[in-house]
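J.: Just the structure for this:
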Amino acid sequence: MEWLSFGDVSWLGVLLAFVASFIFGWLWYSQWAFFPVWARLGNLDLEKLQNANMGPVFGQMILGNVLGILALAMLMAGLGASGPVDGLVLGLIVGLAFRTGAHLIHNGFAQRPAGITLIDAAHDTLALALAGLVLGFFM
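T.: Numbers count the residues shown, from 1 in each chain. This next block holds a predicted model:
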């Protein structure tokens, strides 16, 4: 398992990929984009959401995002993927295979509306593609 190494990972690339994907997520789930539909489909109580302690929610989201980007960087290094195009394509493949697949499985069993699955899966796939693109500039 030579690919399972941090040796060829660009930590600056990981940081910038995280920032790019975080900003992308903020825009994707903003009031001007998909949040209103996503919240309606999920029957979210907006008043309860406004008063919620979002620290643990963001902590969980940050951890999951960092782990995904770090794994993508390790895969890129292990596969010899370099450059923005390689990173973008690998990010799309990983996003479709693993993130979209997980949403389809979990949301299907939870009987969540298909619109939520589509919004979340598209976000995750595009966010990983963006992260791969950014990582590619550093690998």
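J.: Against Ile116, how distant is Ala52?
T.: 18 Å (CB to CB, to the nearest Å). To be clear about C-beta, it is placed using only N, CA and C from the backbone, and glycine gets the same treatment.
J.: for the protein, which helix is longest?
T.: The longest helix of the chain (DSSP state H) is helix 55-79.
J.: Tell me which helix or strand comes right after that one.
T.: helix 84-94 (DSSP states H and E).
J.: what residues does that next one touch?
T.: Applying CB atoms under 8 Å, 6 or more residues apart in numbering, the contact partners of helix 84-94 are 71-72, 75-76, 79, 81, 125, 128-137, 139.
J.: Buried ones only from the residues you listed, please, as a ChimeraX command.
T.: Applying 16 or more other CB atoms under 10 Å to these, the buried members can be selected in ChimeraX as follows:
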select :72,75,76,81,125,128,129,130,131,132,133,134,135,136,139
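J.: Let me know the angle separating the longest helix of the chain from helix 84-94.
T.: Calculated by axes from the mean of the first three to the mean of the last three CA atoms, to 10 degrees, helix 55-79 forms an angle of 120 degrees with helix 84-94.
J.: Grab the most central residue of the chain for me.
T.: Geometric centre of the chain, nearest residue: Asp124, 3.9 Å, by CA atoms, centre = their mean.
J.: quick one: it from Asn65, how far?
T.: Look at Asp124 and Asn65: by CB to CB, they are 10 Å apart.
J.: wait, Phe34 sits on Gly25?
T.: No. In this structure, Phe34 is not within contact of Gly25 by CB atoms under 8 Å, at 10.5 Å.
J.: Have a look at the two and say which one is more surrounded.
T.: Phe34 (20 against 17; other CB atoms under 10 Å).
J.: Enumerate every residue touching that one.
T.: So Phe34 contacts Trp28, Ile119, His123 (CB under 8 Å, 6+ apart).
J.: Just give me the neighbour total for the first one.
T.: Spelled out, it's Trp28. Neighbours of Trp28 under the rule other CB under 10 Å: 19.
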